[in-house]
Structure formats: C-alpha cells, structure tokens
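Novice: need coordinates for the below:
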Amino acid sequence: MDFQRMLDGAEVLSQQGSAQLLGLDYDSRRTRPGWLFLAMKGESTDGNQYIDKAIESGALAVVTDAPDQPPRAGIAWAVVPHGRRALARLSANFYGHPENSLACTGVTGTNGKTTTTFILEALLRAAGHSNVLIGTVEYHLPGRVLAAPHTTPEALELMQLLREAISLGATEAVMEVSSHALAQQRVFGIPYDVAVFTNLTRDHLDFHHTMEEYFGAKRILFEGCGTAPPRCAVINGDDEFGRQLLDFSRGHSEVVFSYGLSAGGFHAEKLQMTSAGNRFDLTTPDEHLPLFSPLLGRVNVYNAIAACAAAWARGCTGEQIAAGLATMARVPGRFEKVDAGQPFAVVVDYAHTDDALANVTRMAREFVSRDGGHGRVITVFGCGGDRDRSKRPLMGEAAGRGSDFVVVTSDNPRSEDPLVIINDSMPGLQRSGVRYTAEPDRRKAISLALHKANRGDIVVIAGKGHEKTQTTRAGVFPFDDFEVAREELGRLGFIGDGGSGQR
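Specialist: The predicted structure follows:
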C-alpha cells in the first residue's frame, strides 16, 4: 500500500517522502522489511526510542507522535498529534476498513461485560448470525477460539481480528470495551451500532484517579470515539451513573433503551431463581417473553436482560432470544461450578472489586438458602498488587459481610509483598465481624476453604476467574483456580466430575 493511502484520514501535522508498504506495526521487534513503523508514547515505554531499531529491521516509513524526532534519511516520514488515533486510522486503511462491514455492539461497565457479551453472542447465533466476539476471557471467530491477551486489543490487532472474522463469514461483532481502551482511544473509528452500559463501581482508580474520570472514559462509547454516537444505547437505569448516561444518550442516540431488574423499558417480572437457573418474563417495548437462563443468580438476570435488549436492538425476534438464552449454560470463570461429586458447592468467579464481591457472595447466599437451606458461604479472595490500594479494605468488608467465613489470600501480588496487600484488606474484614483467616499461599487457601466446607455449604473462589496464571515478584506462573480446586477436591477423595468437572 502507498504511504499516502495508508495515511488517508489520519491527523497529520507534517509528512515527507513516499514508499510502497507491505505491513505496519507499533512494535519494533515485529517490524519487517518493507513495513511502516508507528512510534507512539505508551503507558510504560515510548516507542519513539525504537525508531532506529525498526529501520534496521527494514522499515521504509515511520509515523511518530514525537515532533522533536528528526526525520531519517531515505525514510518516508509523518508526524501525528496522537499515536493511537493514527494507529487506528492506518490499521483500518491497511486492512480495508473491516469495521464498516460488521454490525458492531460494544459493552462497557465495571461488572458484567464478559457474561453479557457471551449471552449476546448466543442470542445472535440463535438468530442465524455469524459473529466475532472480543473480550476478557477469549476471542471468538467463526469456527475458532483464540486466547485473549487484552480485553480490548490495540487497534492494529483489532483490525486484524475483524478482517479475519469477515473472511470466515462474520457479520456481527460483539466487543467488551474497557475504560482503558476508551481513554487510550484504542477503538478510535469503530462505528458502534449498539452500545451497552452495565454499571459503574469503584475500580481502576490507579489509572483513572477519580470516579468522575472513570465515568468519563466509559461515556466515550456513547459519545462516539472518532465516529457518530451509537444508533442505539442500552443502559442500566438501576445504576446511578447509568441514569446520568440515560439523560446524556437521549440527546445523542436515535434509540435509547433503559433496563433494570424490575423497571425500565426492559425488565423482569415473575422472577424465579432456582439451582437450575432463572425463569422470568421479560418485558420489552412490544411484548412479554417467558425466558429461562441456566446461569445462576440475580446478577445474571441483569446480564441476561442487557443482552436481550441489545439483541432486540439488533433485530432478533422474541423466539430467537428465548432459544439463544436457554443455550447459554456457562461463562468461563463467572460463577462457574466445580463439581467433583462433593456434597457442597464450589464456584470460581472473577469478582475483584468490592461491588463484584458483594454481588457474588449475594448470589452464593441465594444459592445455599434456596428451599429453606441453611448452608454457609465460605469465600476465598485476595486483592491485586500494583493496583488501587484504597479499594482493598472495601473488598475485605464486602467479602466479610456476604460470607460466614473468609480466607484472605494472594491474587496477583505482582511486585508487592502479599502480606502487605493482605494487611490492607484487614480493616474491612474486621469491620464486617466475619470469622476469617489469612493464608498468602493461594493453593493452600483454596484447600483450607474446601476442608472447612460441609454438606449444603458453598465455597466461592473469587478474583481470578478464567485466568490461568499468577503474577508475583518472581515472575508469572501457571495457576488456574478451577483446576486447583478440582485437584484439591480430589485430595479430599472426590473424584467424579458430576457432569461439569471439566472445561
């Protein structure tokens, strides 16, 4: 592709030279002969330091967001005001604008994004659509499942995924859109037909600093990031920030749907929560749909309603929505049952904020209290290192208030001392009045919780969910809560899989 064509639509402060280009990248280690290197400032490093390395690797063109970088002799050169916006434009140009050939739905919020996108993908599939799903757990392309290194990838990888998905027959894109991606404009230029807001609770303040800044990042999805606002906004009206977003979106989107548990344009009536799943009648703008979801707990009613409203906005019929919802039995690491034939329940969940811990322990309480049961909720949790320290006591209090016994342990301590992190959560645990113990070794903590469990109890292993590694000062090591729980249940003498002991 010609250098000028690759720059089409990008904000360019200055440019010189020309080249025929075979590819592009923002990582000098991946740059190949005949490629363009996009040098941009990142959170932890500055790609402009590697311009000469990229040229040594054969780059014929450089686009930089550093005006003080002198052009290199014989190299096509352009200066841009914003590196990630330029990356988005150049990537879209090079891959033939795949974003314009897909109906894109973006889901943002603190909690529920993953489950909502998985459900929505199932509903669209039931309606006969071929989909690409991009999110925290994994990426789905027609006939393929890929590992997900980031919830929302950089624009280059995103365009590569969308182009491949189209080549495999995809017509719909369902994406988790993180606040980091929105703030950093990784999704610049993506035209979302439908945007979904699940909720906003305290998280990522190490990056966003304030709740107002955090909310401002989420709102970008509804303003349009280098595009017009989404045609349809689907927003949780039970959430305080959601109500603000509803007021905003009514002045920007053509269609605005509110949803909630018992109020809103989409809401549930006649809700019955059982150990087999949730039954409810979904009120829509046009009809009442009797629905069944195999996913457990009240929070998954919210997720189901959000996905149903988005599917409705994408033209799915009530019959297709009902059929698709009934097929969605599990989401990896989201209240996922570990069943080895033991007489108590064990679930793995990604809850890693105080609000998410409150939700998951509430779901667990509903589970053990069904049919008049009196089982206990035993929770294993930890707080991540090198992240917002102020949420640690809040997480401790949330875990304590929702549980009968808590084992506080390590999550991903990263560069921090696990004992320091555990101590930060102690004030909240102590405020809750719960019985607890501390065990920094996560495997030992899981084993301890399982040993404590009796018939009718539930053990909630919270924080890591679908993750398969643990990050410590010493490095990154394999660690999968689901597999560890299953191994420890085996040591207790439970060896059956109960129909769901594998994933």
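Novice: chain neighbours aside, what residue packs nearest to the residue nearest the centre of the chain?
Specialist: Centroid-nearest residue in the chain, with C-alpha atoms, centre = their mean: residue 136, separated by 4.1 Å. Nearest residue to residue 136, sequence neighbours excluded (C-beta to C-beta, 6 or more residues apart in numbering): residue 151, at 4.5 Å. (Glycine included, C-beta is placed from N, CA and C.)
Novice: try residue 359
Specialist: In space, and not counting its chain neighbours, residue 359 is closest to residue 299: 4.6 Å by C-beta to C-beta, 6+ apart.
Novice: domain boundaries for the chain, per the record?
Specialist: Per the record, the chain has its domains at 3-94, 98-327, 336-491, by automatic domain parsing.
Novice: adding mean pLDDT, write those out as TSV.
Specialist: TSV is the format used below for these (pLDDT from 0 to 100):
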stretch	mean pLDDT
domain 3-94	97
domain 98-327	94
domain 336-491	95
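Novice: does the residue nearest to residue 359 touch residue 361 like I think?
Specialist: No - using C-beta atoms under 8 Å, residue 299 makes no contact with residue 361, being 10.9 Å away.
Novice: now do the contacts for the residue nearest to residue 136.
Specialist: Residue 151 sits next to 113, 135, 136, 176, 178, 180, 181 when contact means C-beta atoms under 8 Å, 6 or more residues apart in numbering.
Novice: same deal with residue 189?
Specialist: Shown in contact with residue 189 (C-beta under 8 Å, 6+ apart): 85, 88, 89, 92, 99, 155, 225, 226, 227.
Novice: now swap in residue 41 and tell me
Specialist: Residues counted as contacts of residue 41 (C-beta under 8 Å, 6+ apart) are 47, 48, 65, 66, 83.
Novice: secondary structure class for the second one?
Specialist: Right, residue 48. Assigned with DSSP: H, G, I helix; E, B strand; the rest coil, residue 48 falls in the helix class.
Novice: burial count for it?
Specialist: 16 (other C-beta atoms under 10 Å).
Novice: pretty sure residue 451 is in a helix, no?
Specialist: Yes - counting by three-state DSSP, residue 451 is found in a helix.
Novice: and the pLDDT for the nearest residue to it once chain neighbours are set aside?
Specialist: Using C-beta to C-beta, 6+ apart and skipping the chain neighbours, the partner closest in space to residue 451 is residue 492 (7.2 Å). Here the pLDDT value assigned to residue 492 is 96.
Novice: so residue 492 makes contact with residue 450?
Specialist: Yes - because the distance of 6.2 Å satisfies C-beta under 8 Å, residue 492 is recorded as touching residue 450.
Novice: neighbour-wise, which of the two wins?
Specialist: residue 450 (25 against 13).
Novice: what about the helices in the stretch 51-200 of the chain?
Specialist: Using DSSP state H, counting those that start in this stretch, the helices of the stretch 51-200 of the chain run over 51-56, 83-94, 113-126, 155-167, 179-184.
Novice: apologies, that question was intended for the stretch 201-350 of the chain.
Specialist: Along the stretch 201-350 of the chain, the segments classed as helices by DSSP H, counting those that start in this stretch run 205-208, 211-223, 240-249, 298-313, 318-327.
Novice: run the angle between the last one and helix 298-313 for me.
Specialist: Just to be clear, that refers to helix 318-327. 150 degrees (axes from the mean of the first three to the mean of the last three C-alpha atoms, to 10 degrees).
Novice: and the angle for helix 318-327 with helix 113-126?
Specialist: Per the same axes, to 10 degrees, the angle that helix 318-327 makes with helix 113-126 is 130 degrees.
Novice: output the contacting helices and strands for helix 318-327.
Specialist: helix 113-126, strand 288-293, helix 298-313 (3 or more C-beta pairs under 8 Å, 6 or more residues apart in numbering; DSSP states H and E).
Novice: could you list the residues in contact with the first one?
Specialist: Same thing as helix 113-126. With C-beta under 8 Å, 6+ apart as the criterion, helix 113-126 contacts 105, 107, 131, 133, 135-137, 140, 151, 172, 174-178, 196, 198, 293, 295, 300, 303-304, 306-308, 310-311, 314, 316, 320-321, 323-325, 327-328, 331, 334, 350.
Novice: ok so, going back, save the helices and strands packed on helix 318-327 as a markdown table, and put in distance to residue 253 too.
Specialist: Formatted as a markdown table, the helices and strands packed on helix 318-327 follow (distance: least, C-beta to C-beta, whole Å):
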| stretch | distance to residue 253 |
| --- | --- |
| helix 113-126 | 18 |
| strand 288-293 | 24 |
| helix 298-313 | 10 |
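Novice: so which of the ones you listed gets nearest residue 72?
Specialist: Residue 72 lies closest to helix 113-126 among the helices and strands packed on helix 318-327, at 42.1 Å (C-beta to C-beta).
Novice: which residues does the nearest residue to residue 233 once chain neighbours are set aside contact?
Specialist: Leaving out its chain neighbours, the residue that sits closest to residue 233 by C-beta to C-beta, 6+ apart is residue 249, at 3.9 Å. Contacts were defined as C-beta under 8 Å, 6+ apart; by that measure residue 249 touches 222, 229, 233, 235, 256.
Novice: ok, now residue 130?
Specialist: 142, 168, 169, 170, 171, 172.
Novice: farthest-separated two in those?
Specialist: 168 and 172 (12.5 Å).
Novice: which one of those two has more residues nearby?
Specialist: residue 172 (22 against 13).
Novice: residue 44: neighbouring residues, count only.
Specialist: Residue 44, neighbours per other C-beta under 10 Å, totals 4.
Novice: from residue 288, how far out is it?
Specialist: For residue 44, the distance to residue 288 (C-beta to C-beta, to the nearest Å) stands at 51 Å.
Novice: before we move on, what about residue 424?
Specialist: If you measure residue 424 against residue 288 using C-beta to C-beta, the figure is 48 Å.
Novice: more neighbours, these two?
Specialist: When neighbours are counted by other C-beta under 10 Å, residue 424 and residue 288 differ, and residue 424 comes out ahead with 18 against 12.
Novice: for the more buried one, give its distance to residue 262.
Specialist: For residue 424, the distance to residue 262 - C-beta to C-beta - is 37 Å.
Novice: follow-up on the earlier one: out of the contacts of residue 41, who's nearest residue 54?
Specialist: Comparing the contacts of residue 41 against residue 54 with C-beta to C-beta places residue 47 closest, at 8.7 Å.
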